[in-house]
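> Mind folding the following:
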Amino acid sequence: MLRLIFLSQAILYLLIMPAVHDYMDIVYRPPLGVAALAIISLLAGFALFNRSYVGKPVGAVADALPDLKPRNIVLAGFAVFAILYAYVSYTNGLLNRRQGSEAMADIYGNLPLIELLILRVYEIAFVPIAVIFFFSRSSLASRLSIAAILILSLPFMGIQDSRARILVMAITLLSFVKAKDFIVFFYKNTKIYVLMAVAVGIFVFMSVRRASSYARLEDYFFIEVVKRLDGLNLVTELRDYGLLNYLGSFDMKMFGPLISKIPFLEAGRIAKIEGLTSTKQYFLKTVLNSSRIDDSNSIILDPLYFGGIVGMIIAFVGLGYFIARSDRYIAEGRLFSSYAGLAAALAFVTSFSVIETDFITGIINFAQNVVLLFALVLVVMTRPTYRKAVQGVTDIGASAALATRPRSLAP
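Now for the predicted structure:
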């Protein structure tokens, strides 16, 4: 499913919205040819992975597969953690996260370390905990309990002022669902349409409330939709100012803001206060000498700016390869077969399921998340039990059927 989700985002952010922006703004000329090449490279990465697996067994081939399940005691511990998170968020005025980038940078830069850890760890663990309980063989009572905890904590994540945050969570969760199962689920479960109607209603309500601050609906559409989803916005601005070299800049200074990712470091704390915590902010404040701290962007900018066209092709081929590999791992029913595999899959999807991110930041987040999530998995999951596997499975459909058979039939 991740392949379909990411490819859809790439087409929307790199082709459709830049083309609409081009149509609505007579002086805006995005490099659509470069974007098309990036999408072709992504597809090449998918194909490269598929070719590397031609003729190889797919799915379970051993006598038995380990099967990890969440501990029941985790519910109580996570409930306490959610309460701590809610308290820290409320006392620091973080219920509204749309206070401006400078204000948010000041708040986060001055947080005590323990409170910052509570915020970061909970927000990193939020989706993985949902995946662990909703997709593993946990009890219905456990799923309902964890769902209640997660839903009650949403207001403290600034969710009421951020439509994007809702979409990011939905995209990340859907990335763990097999595309075929998703289609069958829609076909056989009419209740999902009721839930979708409610979700769409909430999204539309928030959009209408935001649109009321604009004089014209066209202005709202251009600023809040077109420019917001234009993944070539910064690429185009850098090119127009002659600051983007298609042969590559190899500017090592762009990695400077990543010092903010190192904990317990004074330079990192200062970088957070100054709002220099990502490569995007380096491009805005240092390269463009702009007063902006935030703007629309996508994963294409980092490799294109640093390595030029060749660097972008390599990055997107590699990204496509690992996205396809993640999809295959989940489709084979191996998500809960090992601690390390589960942590790596969770870290990868949470770092790269959304195209509106910095490529370098995504890599750093993956490295950080895989360590944190491995520790989380060790605490949350029981010691592995075993379920019978199919000998010599060579068809992915048969393997997926094994992984998704009715839980009541599972040993």
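> Please name the nearest non-neighbouring residue to residue 374.
Leaving out its chain neighbours, the residue that sits closest to residue 374 by CB to CB, 6 or more residues apart in numbering is residue 343, at 3.9 Å. Quick note: C-beta positions are derived from backbone N, CA and C, even for glycine.
> List the residues that contact that neighbour.
By CB atoms under 8 Å, 6 or more residues apart in numbering, residue 343 lies in contact with 370, 373, 374, 376, 377.
> cool, residue 123 as well?
So residue 123 contacts residue 157 (CB under 8 Å, 6+ apart).
> Secondary structure element holding it?
helix 113-135 (DSSP states H and E).
> what element comes up after that helix heading to the C-terminus?
With DSSP H and E, the next secondary element past helix 113-135 is helix 140-153.
> Which of the contacts of residue 343 has the largest number of neighbours?
residue 373 (24 neighbours; other CB atoms under 10 Å).
> host element of it?
Judged by DSSP H and E, residue 373 forms part of helix 359-380.
> is it true that residue 316 touches residue 34?
No. If you go by CB atoms under 8 Å, residue 316 and residue 34 don't touch, sitting 10.9 Å apart.
> Check the secondary structure at residue 171 for me.
Under DSSP: H, G, I helix; E, B strand; the rest coil, residue 171 falls in the helix class.
> so who does the residue lying closest to it once chain neighbours are set aside touch?
Once flanking residues are discounted, residue 171 sits nearest to residue 353: 5.4 Å by CB to CB, 6+ apart. Residues near residue 353 by CB under 8 Å, 6+ apart: 2, 5, 6, 168, 171, 172, 175.
> low-scoring pLDDT stretches of the protein, where are they?
54-66, 95-110, 158-165, 179-215, 260-276, 384-411 (pLDDT under 70).
> can you pull out the strands in it?
64-67, 385-388 (DSSP state E).
> got the buried residues for the longest helix belonging to the chain?
Longest helix in the chain by number of residues (criterion: DSSP state H): helix 301-331. Neighbour-count burial for helix 301-331 flags 301-309, 311-313, 315-317, 319-321, 323-331 (criterion: 16 or more other CB atoms under 10 Å).
> now it and helix 359-380, what's the angle there?
30 degrees (axes from the mean of the first three to the mean of the last three CA atoms, to 10 degrees).
> tell me what helix 301-331 is packed against?
Using 3 or more CB pairs under 8 Å, 6 or more residues apart in numbering; DSSP states H and E, the elements in contact with helix 301-331 are helix 2-11, helix 32-52, helix 233-240, helix 279-282, helix 339-352, helix 359-380, helix 396-403.
> looking at those helices, which is closest to residue 126?
helix 339-352 (9.3 Å; CB to CB).
> Restricting to C-alpha, output the closest one in PDB.
In PDB, the C-alpha atoms belonging to helix 339-352 read as follows (Å, rounded to 0.1, in the frame of the first residue of the first chain):
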ATOM      1  CA  TYR A 339      11.700  -7.300  17.100                       C
ATOM      2  CA  ALA A 340      14.200  -5.700  14.800                       C
ATOM      3  CA  GLY A 341      12.100  -6.200  11.700                       C
ATOM      4  CA  LEU A 342       9.000  -4.600  13.400                       C
ATOM      5  CA  ALA A 343      11.100  -1.700  14.600                       C
ATOM      6  CA  ALA A 344      12.700  -1.100  11.200                       C
ATOM      7  CA  ALA A 345       9.400  -1.300   9.400                       C
ATOM      8  CA  LEU A 346       7.700   1.100  11.800                       C
ATOM      9  CA  ALA A 347      10.600   3.500  11.700                       C
ATOM     10  CA  PHE A 348      10.800   3.500   7.900                       C
ATOM     11  CA  VAL A 349       7.100   4.100   7.300                       C
ATOM     12  CA  THR A 350       6.800   6.800   9.900                       C
ATOM     13  CA  SER A 351       9.800   8.600   8.400                       C
ATOM     14  CA  PHE A 352       9.000   8.200   4.700                       C
END
